[in-house]
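> task: produce atomic coordinates for the following.
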Amino acid sequence: MGLIGSKSTLEICDWVSASSFCRRRLPCLLLKLRMAQNLKSAVTFVEQGHVRVGPEVMTDPAFLVTRAMEDFITWTDSSRICQHVLNYNQERDDFDLAC
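Numbers count the residues shown, from 1 in each chain. As a prediction, this is how the structure comes out:
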């Protein structure tokens, strides 16, 4: 899950707090990746289906993301936010229908 640094002993698990689990939630990671400006908008993006983790579209803001899956957090292909970001960065290709 990525809550502790090593797998050597289980003594470290005594110090794992509830805030460690809260920091692994999808909206909190959207803030960390600067995909949202605040937590309320991050929750709204997830609930409206704008975010996917790997191939799966996530609509549950309580979804816990592992460190291995953290690199695969992206916008969905049909998301208007994705289109807006690509237009802003001048990376949108008119031929490409995906995003």
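
> what is the strand or helix carrying residue 44 packed up against?
Using DSSP states H and E, residue 44 maps to helix 39-47. Counting contacts by 3 or more CB pairs under 8 Å, 6 or more residues apart in numbering; DSSP states H and E, helix 39-47 packs against helix 26-32. To be clear about C-beta, it is placed using only N, CA and C from the backbone, and glycine gets the same treatment.

> so which bits of the helix it packs on are buried?
The neighbour-count check on helix 26-32 (16 or more other CB atoms under 10 Å) flags 26-30 as buried.

> hey, where'd the strands end up in this structure?
With DSSP state E as the criterion, the chain has strands at 51-53, 56-58, 73-75.

> strand partners of the second one, parallel vs antiparallel please.
It stands for strand 56-58. Strand 56-58 pairs in its sheet with strand 51-53 (antiparallel), by DSSP bridges.

> show me where this protein has its helices.
Using DSSP state H, the helices of the chain run over 18-22, 26-32, 39-47, 80-88.

> out of those helices, which is the most enclosed?
Ranked by mean neighbour count, these are led by helix 26-32 with a mean of 19 (mean count of other CB atoms under 10 Å).

> report the rounded mean pLDDT for that one.
Taken as a whole, helix 26-32 carries a mean pLDDT of 96.

> keeping just the C-alphas, turn it into CSV.
What follows is helix 26-32, C-alpha atoms only, in CSV (Å, rounded to 0.1, in the frame of the first residue of the first chain):
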residue,chain,number,x,y,z
LEU,A,26,-7.6,9.4,-4.7
PRO,A,27,-8.7,13.1,-4.2
CYS,A,28,-5.6,13.7,-1.9
LEU,A,29,-3.3,12.3,-4.6
LEU,A,30,-5.0,14.5,-7.2
LEU,A,31,-4.0,17.5,-5.1
LYS,A,32,-0.4,16.1,-4.8
